[in-house]
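*Asks:* Need coordinates for the following:
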Amino acid sequence: MTLTHDSLRALILDSLGEGVFTVDAGFRITSFNRAAEQITGVPRATALGMRCRDVFRSDICGDDCALARTMRSGRAEQEVPVRILDQDMAEHPIRVSTAALRDDDGELIGGVEIFRDVSELETLRAALADVHSFEDIVGVSRPMRALFALLPEVARAEVSVLIEGPSGTGKELVAEALHRLSPRAAGPYVRVNCAALPDTLLETELFGHRRGAFTGADRDRAGRFEQAHGGTLLLDEIGDTSPAFQVRLLRALEAGEIQPVGASSPLQVDVRVLASTHKDLAAEVAAGRFRQDLLYRLRVISLRLLPLRERPEDILPLTRHLLARLTLKRGGAPPEILPETHEALRDYAFPGNVRELRNLLEHALVMSRGGPIAVAHLPREVRAALAAPPASAGSPPPPTTPSESAPPRPGPRRWAPPTAPLDAAGERLLRALEEHAWNRTATAAALGISRSTLWRQLRAAGLAGPERR
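*Replies:* Residues are numbered from 1 along each chain as shown. Alright, predicted model coming up:
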């Protein structure tokens, strides 16, 4: 089969993922590829011969549209943001690029426009923006809002800051925010993990060394303090350093100078020091593992990040934010989070905090295969932890001696409902409990919630009594 020039051109255009159309000098459409049909919802046979403004109905149609400007000036335009209406009057964001078409004599005969649908990109951007965040730190809880309010003031103060909190809570994000908001933002930001190196290596890593200081030191090497001159240095996991190293660090912080290994004279440095730790440094001081004078030097201001289990209201915005980030890398829109999945995430203790939540969501994205994220898509160990019955605050302590043994418990117990009338939610809970003989495990399963969630709802309704299985 032999293809004509026009047939080959049409075949090539139809193979493209971007919409492409051409117009004559009067802005009437002369060609319209398959992707243009799909994006606009207008069949090619209908579009041909129509004025482009009648097909696209965009927010810039008219004399000032990108294609009109190009045909007047001859200058091509790239990635112009435009919004169009499809056949169902639904709005779609697109990006357009234009060029003028001329004949062999240089006379204008029309124009070409290439456009692509950026709806998914807009969705991702909206998902990233629809969170309460500050310098990439996300949260809506009262402690996080207080942190957001405090960070700019702390950043402007040229003092040392100690950032405390469990592993995975985002201490490094706080340190980066302090640097970016500070007068030193144009300077370097340097981080060193103090827990990853023994004393001897940590000393050369921070202070540097001179050529010949030890075997293998064949040249001078600047340490992290010197690299951070004029900027910020984060001493991550400072609580894992030895008391001997802490003495050398304290001397450098107080004098504002460092002594590279093998150097004959100290070196002045201008560095703002931030430190972070997952340990309780006050307890470490009491145990003799951390110097009190170094703690005072580092903790001019203290910022504390709470574990995720103590701020469950941050879980949903964090989940949306992380899903948007993860899907942006993969391409595509963030998947739906089913209500029962969100409920399960709120009930989970998250020993690994935000870092664990991110890993959990990466797992769920793979298992859900692009569909809504259900509880079944969460990692096995998370589902196992959620299925374990919670400890009951209402259960009596176990007997310590045979003589103190509690009397046998009676059969199924129906504690009295509150004297005040129940609302609709309370009535629903009461009916579900009665239907399942006050068995909380069965009731929670019937309602599609976890036992800990059921316990909270019972307590709110005034129906919480002795823990029953």
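
*Asks:* What average pLDDT does the helix or strand containing L162 get?
*Replies:* Assigned by DSSP states H and E, L162 falls within strand 161-164. Across strand 161-164, pLDDT averages out at 97.

*Asks:* which residue packs closest to V80, ignoring adjacent ones?
*Replies:* In space, and not counting its chain neighbours, V80 is closest to A66: 4.5 Å by CB to CB, 6 or more residues apart in numbering. Every C-beta, even on glycine, is put in place using the N, C-alpha and C of the backbone.

*Asks:* Backbone dihedrals for the one you found, please?
*Replies:* phi -60, psi -40 (degrees, to the nearest 10).

*Asks:* Verify the stated contact: it with A99.
*Replies:* No. Counting by CB atoms under 8 Å, A66 stays clear of A99, with 10.4 Å between them.

*Asks:* Tell me which of those two has more neighbours.
*Replies:* A66 (22 against 18; other CB atoms under 10 Å).

*Asks:* Next one: the more buried one from A387, what distance?
*Replies:* To A387, A66 is 57 Å away according to CB to CB, to the nearest Å.

*Asks:* before we move on, what about L253?
*Replies:* L253 sits 49 Å away from A387, going by CB to CB.

*Asks:* These two: which is more packed in?
*Replies:* Per other CB under 10 Å, whichever of L253 and A387 has more neighbours is L253, with 19 against 11.

*Asks:* pLDDT (mean, whole number) over the helix or strand that contains the more buried one?
*Replies:* Remark: L253 resides in helix 243-255, with elements defined by DSSP H and E. Mean per-residue pLDDT for helix 243-255: 91.

*Asks:* just stretch 194-202 next, same as before
*Replies:* 88.

*Asks:* Same question for that stretch: list its buried residues.
*Replies:* The neighbour-count check on stretch 194-202 (16 or more other CB atoms under 10 Å) flags C194, L197, L202 as buried.

*Asks:* do the same with stretch 221-232
*Replies:* Applying a neighbour-count criterion of 16+ other CB under 10 Å, one finds R221, G223, R224, F225, E226, Q227, A228, H229, G231, T232 buried in stretch 221-232.

*Asks:* pull the CA atoms of it into CSV?
*Replies:* C-alpha atoms of stretch 221-232 as CSV (Å, rounded to 0.1, in the frame of the first residue of the first chain):
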residue,chain,number,x,y,z
ARG,A,221,40.1,18.7,53.6
ALA,A,222,37.6,21.2,54.8
GLY,A,223,35.2,20.0,57.5
ARG,A,224,31.5,20.6,57.7
PHE,A,225,32.0,23.7,59.9
GLU,A,226,34.2,25.3,57.3
GLN,A,227,31.8,24.2,54.5
ALA,A,228,28.9,25.9,56.3
HIS,A,229,30.8,29.2,56.8
GLY,A,230,28.2,32.0,56.4
GLY,A,231,25.3,29.6,56.6
THR,A,232,23.7,26.9,58.8
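
*Asks:* And it, how far out from the chain middle?
*Replies:* 30 Å (CA atoms, centre = their mean, to the nearest Å).

*Asks:* what mean pLDDT does that stretch have?
*Replies:* 93.

*Asks:* next one: stretch 426-444
*Replies:* Mean predicted confidence for stretch 426-444 is 75.

*Asks:* same check, this time on stretch 67-85
*Replies:* Mean predicted confidence for stretch 67-85 is 87.

*Asks:* start to end distance for it?
*Replies:* 17 Å (CA to CA, to the nearest Å).

*Asks:* residues of that stretch that come out buried?
*Replies:* By 16+ other CB under 10 Å, the buried positions in stretch 67-85 come out as L67, A68, R69, T70, M71, E77, V80, V82, I84, L85.

*Asks:* Which one of those is nearest to R456?
*Replies:* Distances from R456 to these, taken as CB to CB, are shortest for L85 (46.7 Å).

*Asks:* residues near the residue lying closest to the closest one once chain neighbours are set aside, how many?
*Replies:* Spatial nearest neighbour of L85, chain neighbours left out: R57 (4.4 Å); criterion: CB to CB, 6+ apart. With neighbours defined by other CB under 10 Å, the count for R57 comes to 16.

*Asks:* Could you measure from R57 over to T30?
*Replies:* Remark: distance between R57 and T30 (CB to CB) = 19 Å.

*Asks:* Contact partners for R28?
*Replies:* G49, M50, R51, C52 (CB atoms under 8 Å, 6 or more residues apart in numbering).

*Asks:* rerun at 7 Å
*Replies:* Going by CB atoms under 7 Å, 6 or more residues apart in numbering, R28 touches G49, M50, R51.

*Asks:* Check A217 too.
*Replies:* H209, R211, G262.

*Asks:* Assign a three-state SS to it, would you?
*Replies:* Put simply, A217 is coil when judged by DSSP: H, G, I helix; E, B strand; the rest coil.

*Asks:* thinking again about what came up before, the contacts of R28, buried ones only, as a PyMOL selection?
*Replies:* Selection of buried members from these for PyMOL, criterion 16+ other CB under 10 Å:
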select buried, resi 50
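
*Asks:* returning to that earlier point: what about the buried residues of stretch 67-85, which are in strands?
*Replies:* E77, V80, V82, I84, L85 (DSSP state E).

*Asks:* The residues you listed into a markdown table, with extra columns for distance to T341?
*Replies:* Supplementary listing: these in a markdown table, determined by distance: CB to CB, whole Å:
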| residue | distance to T341 |
| --- | --- |
| E77 | 44 |
| V80 | 40 |
| V82 | 37 |
| I84 | 35 |
| L85 | 35 |
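
*Asks:* where's the closest residue to E254 other than its chain neighbours, which helix or strand?
*Replies:* Leaving out its chain neighbours, the residue that sits closest to E254 by CB to CB, 6+ apart is R297, at 6.8 Å. For R297, the host element (DSSP H and E) is helix 292-298.

*Asks:* before we move on, what about H363?
*Replies:* Per DSSP H and E, H363 falls inside helix 353-368.

*Asks:* I'd like the next helix or strand past that helix.
*Replies:* helix 380-387.

*Asks:* Name the residues of that next one that come out as buried.
*Replies:* Within helix 380-387, the residues scored as buried using 16+ other CB under 10 Å are V382, A385, L386.

*Asks:* Contact partners for the second one?
*Replies:* Under the criterion of CB under 7 Å, 6+ apart, the neighbours of A385 are Y348, A349.

*Asks:* same check, this time on the last one
*Replies:* Listed by CB under 7 Å, 6+ apart, the contact set of L386 reads A344, D347, Y348, S450.

*Asks:* Got the domain ranges for the chain?
*Replies:* 11-117, 142-211+221-308, 311-387 (automatic domain parsing).

*Asks:* Can you lay out these as JSON lines showing distance to R456?
*Replies:* JSON lines is the format used below for the domains of the chain (distance: least, CB to CB, whole Å):
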{"stretch": "domain 11-117", "distance to R456": "41"}
{"stretch": "domain 142-211+221-308", "distance to R456": "17"}
{"stretch": "domain 311-387", "distance to R456": "9"}
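
*Asks:* A432: which of those domains is closest?
*Replies:* Between the domains of the chain, domain 311-387 lies closest to A432; by CB to CB that is 15.8 Å.

*Asks:* Could you list the single helix or strand in this protein with the lowest mean pLDDT?
*Replies:* helix 119-129 (a mean of 58; mean pLDDT, DSSP states H and E).
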